[in-house]
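A.B. asks: let's see this in three dimensions:
(chains A and B)
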2 protein chains.
Amino acid sequence: MDGPPPRPWLPVSIDGVQLLSKSCFGDTEYHILLTDMQCVWEERMASADIETRAQELNRRLRAPVKAFFSHLSEVVRPALTGSDGGTNISVTQQDGNIDMKLKSELAGLPFHWEFHCTPAPVTVVCSQLVRPLLAMSFLLQRQVEQLGGLLGRKDAEIQDYRENGATLSRERLQTEVFEERTYRENFMSKALPLLASDQSDSLQFDAGLQQLYAAVLSHGSSRKRKLSEDPSVEETPVDEPDTTCSLGASKADSGAAEEVQLEAAGAKMADRAAERKPLPSAPAARPPAKPKKKKVGLFR
Amino acid sequence: MDGPPPRPWLPVSIDGVQLLSKSCFGDTEYHILLTDMQCVWEERMASADIETRAQELNRRLRAPVKAFFSHLSEVVRPALTGSDGGTNISVTQQDGNIDMKLKSELAGLPFHWEFHCTPAPVTVVCSQLVRPLLAMSFLLQRQVEQLGGLLGRKDAEIQDYRENGATLSRERLQTEVFEERTYRENFMSKALPLLASDQSDSLQFDAGLQQLYAAVLSHGSSRKRKLSEDPSVEETPVDEPDTTCSLGASKADSGAAEEVQLEAAGAKMADRAAERKPLPSAPAARPPAKPKKKKVGLFR
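C.D. replies: Below you'll find the model as predicted:
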């Protein structure tokens, strides 16, 4: 496997809303994808946009992005990776968009943040969901076929023993001859009604599928370009190699690492902070290396 | 299974372009979905829009929609279902859209048509691809697990025979003990590199997956509404029950039927033409029941 596996979709519950989330927090930027399986939303924010919004929402805040962004990502990331319920985040939907409002505290003062997620471009939905899911289905279908073939060979072996007079010491060990068509029809008649039940779609994206998703994405099936590679297509597919914050299969360099919870889908992330200069008017950036250390002087 | 199975995605090659197509031609309307797995495009056209465009493209055409639409669908449908290469259709992409231009002949005169397909709303991509594909992956993953369990039981039966002294009459019938983890790792190491090869993504959507797709869609897993059911979301999901031309799992009534090629995913379609009136200025509509019969008088 080349490079670190890509980020997974993680089932999250934010403000009581069940979603799948795929997110990337860089040093002073982020990219969030959310889906309820009816729509997919995203927000990408770079350093300058983050600074502008932070100051709109926190009038007294005067600090470079790096100085508060580590706090923001520290507070938000647990909610977006499913490790906490996002109790300090409220979710609203309006006009087809999803807003998430965060109320936190920084340097002893209230700190507000809002994520404004809009429907993702179709090319992003294709690269992050459609192509990987089709590849997964394809691989699983091949496995089902292969395992059916293996069962046929087991049955042939069993038949040979029995034709030579072998008997079982324990009758309960006897199995029925595997018949692929019968099995499939029986399986479908039981499984399909469950799909239509109240069970959440997102629950279907379980650990086994997450692992397969990561494997598929890291093998670059999503890198191919066809008609849509026409440069006139405005959207940049998320899985394109990205110099900063990437959700896809791009090869991250070996900078600062971020631990992701699912072992199978953990991903490292490039830390290119050193390449970026602080804004001219900003005071010297405080190192975000120890985000738990209380910061002072971010607000005036 | 309730009602007819929904339409499948069919691999097509139009003007040399490899796509998956899902289309619905009603009596005087159509809905087309196309994807190259990098983007998804659609065009929905109702009767009045079709009439306007037909007259723009064919200045001398003076006929109600029904009079030429049966010809149009007869010529286009083979290309959109993969049964011909669409040699009379040219495909161009511009600004992220796909246009298909048809040049045909009707009543002895040239007949032109253009499909203008634009990126589909994300909600449509979710209902037509993301949710069904996730459900398919989920079902296939369950099958893989079950078949692994069955193989374990076969192995236990075989072990019992052998412990009781049974031998094979033909050594080649002997199988290795199935070990799920080893199998999966071995499978993935062989299969994943194939995904990154030049093989077309669309080829992965093979007959077996088409059949599963149809089964999943017809069981309504795609009907559930979550956040996105907010009425402020503009797009109408394609799988909503539709009074006219539907690509999804809606229960079509028993009107005029259309044969779709893949038996597993064939779908009938509602014929509600009788509910619609001809445009006031239009001459009496000719019955489209026998579209192969050459029509006269459509052009002035």
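A.B. asks: which elements pack onto the lengthiest helix in chain A?
C.D. replies: Longest helix in chain A, counting residues (DSSP state H): helix A:131-163. Using 3 or more Cβ pairs under 8 Å, 6 or more residues apart in numbering or on different chains; DSSP states H and E, the elements in contact with helix A:131-163 are helix A:207-218, helix B:131-163, helix B:180-195, helix B:207-218. Where C-beta positions appear, they are placed from N, C-alpha and C, glycine not excepted.
A.B. asks: for B:A63, which of the ones you listed is the nearest?
C.D. replies: helix B:207-218 (35.9 Å; Cβ to Cβ).
A.B. asks: buried residues in the closest one, which are they?
C.D. replies: Residues of helix B:207-218 classed as buried: B:G208, B:L209, B:Q210, B:Q211, B:L212, B:Y213, B:A214, B:A215, B:V216, B:L217, B:S218 (neighbour count, 16 or more other Cβ atoms under 10 Å in any protein chain shown).
A.B. asks: what about the first one, distance to B:W41?
C.D. replies: So that's B:G208. According to Cβ to Cβ, to the nearest Å, B:G208 and B:W41 sit 26 Å apart.
A.B. asks: ok so, going back, select, out of the helices and strands packed on helix A:131-163, the one closest to A:L247.
C.D. replies: helix A:207-218 (9.3 Å).
A.B. asks: for chain A, which helix or strand comes out least confident on mean pLDDT?
C.D. replies: helix A:207-218 (a mean of 86; mean pLDDT, DSSP states H and E).
A.B. asks: which helices and strands does the helix or strand hosting A:V12 pack with?
C.D. replies: Using DSSP states H and E, A:V12 sits in strand A:10-14. Judged by 3+ Cβ pairs under 8 Å, 6+ apart, the packing partners of strand A:10-14 are strand A:17-25, helix A:65-80.
A.B. asks: ok, it: who's next to it in the sheet?
C.D. replies: strand A:17-25 (antiparallel) (DSSP bridges).
A.B. asks: what angle separates the strand it pairs with from helix A:207-218?
C.D. replies: Following axes from the mean of the first three to the mean of the last three Cα atoms, to 10 degrees, one obtains 40 degrees for the angle between strand A:17-25 and helix A:207-218.
A.B. asks: could you give the angle of strand A:17-25 to helix A:65-80?
C.D. replies: Going by the same axes, to 10 degrees, strand A:17-25 makes 140 degrees with helix A:65-80.
A.B. asks: next SSE downstream of strand A:17-25?
C.D. replies: strand A:30-35.
A.B. asks: and after that following strand, which helix or strand comes next?
C.D. replies: Later in the chain than strand A:30-35, the nearest helix or strand by DSSP H and E is strand A:40-45.
A.B. asks: my guess is A:L192 contacts B:L212. True?
C.D. replies: No: the pair A:L192 / B:L212 is not scored as a contact, 9.9 Å apart, by Cβ atoms under 8 Å.
A.B. asks: okay, and the common contacts of the two?
C.D. replies: Listed as contacting both A:L192 and B:L212 by Cβ atoms under 8 Å, 6 or more residues apart in numbering or on different chains are B:L139.
A.B. asks: returning to that earlier point: can you pull the buried residues of the longest helix of chain A?
C.D. replies: A:131-144, A:147-148, A:150-151, A:153-158, A:160-161.
A.B. asks: what's the answer for stretch A:24-39, then?
C.D. replies: By neighbour count on 16+ other Cβ under 10 Å, the buried set for stretch A:24-39 is A:24-39.
A.B. asks: ok, now stretch A:94-103?
C.D. replies: Applying 16+ other Cβ under 10 Å to stretch A:94-103 flags A:G96, A:N97, A:I98, A:D99, A:M100, A:K101, A:L102 as buried.
A.B. asks: can you tell me which of the residues you listed lies closest to A:V75?
C.D. replies: Nearest to A:V75, judged by Cβ to Cβ, of these is A:L102 at 6.6 Å.
A.B. asks: and the helix or strand hosting that closest one, what does it pack onto?
C.D. replies: Here A:L102, judged by DSSP H and E, is contained in strand A:97-106. Strand A:97-106 is packed against helix A:65-80, strand A:89-94, strand A:109-119, with contacts defined by 3+ Cβ pairs under 8 Å, 6+ apart.
A.B. asks: in a markdown table: these, plus mean pLDDT and distance to chain B.
C.D. replies: Listed next are the helices and strands packed on strand A:97-106 as a markdown table, based on pLDDT from 0 to 100; distance: least, Cβ to the nearest Cβ, whole Å:
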| stretch | mean pLDDT | distance to chain B |
| --- | --- | --- |
| helix A:65-80 | 89 | 16 |
| strand A:89-94 | 93 | 5 |
| strand A:109-119 | 95 | 5 |
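A.B. asks: winner for burial among these?
C.D. replies: Ranked by mean neighbour count under mean count of other Cβ atoms under 10 Å in any protein chain shown, the helices and strands packed on strand A:97-106 are led by helix A:65-80, which reaches a mean of 22.
A.B. asks: and the angle for that helix with strand A:30-35?
C.D. replies: Going by the same axes, to 10 degrees, helix A:65-80 makes 20 degrees with strand A:30-35.
A.B. asks: low pLDDT regions in the stretch 101-250 of chain A?
C.D. replies: Applying pLDDT under 70 to the stretch 101-250 of chain A flags the ranges A:196-203, A:220-245, A:248-250.
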